[in-house]
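Peer 1: Next one to model:
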Amino acid sequence: MELEFEETLLKPAVLVCDDDQNHRELLREFLTDDGFPVILAKDGREALRKANVNIGAMILDLHMPDLDGLTVCRRLAKLKAGIMPPTLILTGATSPELRAHALAAGALECLIKPVSLSELRVHVAALAHIDRRLDPLTMRQQYLVAVERERFRERVNQAQLRRNFESSLN
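Peer 2: Numbering: from 1, shown residues only. Below you'll find the predicted structure:
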């Protein structure tokens, strides 16, 4: 039990930016339950103010008034070189070009809402392993490897839970 506690202390903070308070609170609860410290921002301007080297990952809503998620990514990439946290954009939009725009803006991924909690867990854990000092292409490659590693870890955990449940029935 002590090891689990120590591991959660090492998890990086996640900045969550969404103009919908319910979405922010839901993400905070989910991420906190996974051991991540969470910092909330209600709009793009607040996200720009709060993004710094102490943020390990950032989740941005795409559609927000004033500054949308893509604009926040672009501004961080320009204004705060080397400071931009590995970023995931969440959106309800299904435009095929959207993912390409998100990646071009500096995000490492763009997920379509609704996203399952297990899939979100995989992506946030992967983002937390990225070295932001790398060039964008290397960061993307590192992220994709981390996503596959986290998916494998999630499958192993689910299999172990299933085995524990089945053995408890016997």
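Peer 1: what packs against the helix ranked longest in the chain?
Peer 2: As assigned by DSSP state H, the longest helix anywhere in the chain is helix 136-169. Of the remaining helices and strands, those touching helix 136-169 by 3 or more C-beta pairs under 8 Å, 6 or more residues apart in numbering; DSSP states H and E are helix 117-127. Every residue, glycine included, has its C-beta placed from N, CA and C.
Peer 1: Ramachandran angles for Ala41?
Peer 2: phi -140, psi 140 (degrees, to the nearest 10).
Peer 1: Was I right to think it contacts Ile59?
Peer 2: No - counting by C-beta atoms under 8 Å, Ala41 does not reach Ile59; the two are 10.0 Å apart.
Peer 1: ok, and the closest non-adjacent residue to Met139?
Peer 2: Closest residue to Met139 apart from its sequence neighbours, by C-beta to C-beta, 6 or more residues apart in numbering: Ile130 at 5.6 Å.
Peer 1: what about that neighbour, is that helix, strand or coil?
Peer 2: coil (DSSP: H, G, I helix; E, B strand; the rest coil).
Peer 1: Give the rounded mean pLDDT of the longest helix of the chain.
Peer 2: Helix 136-169 shows a mean pLDDT of 87.
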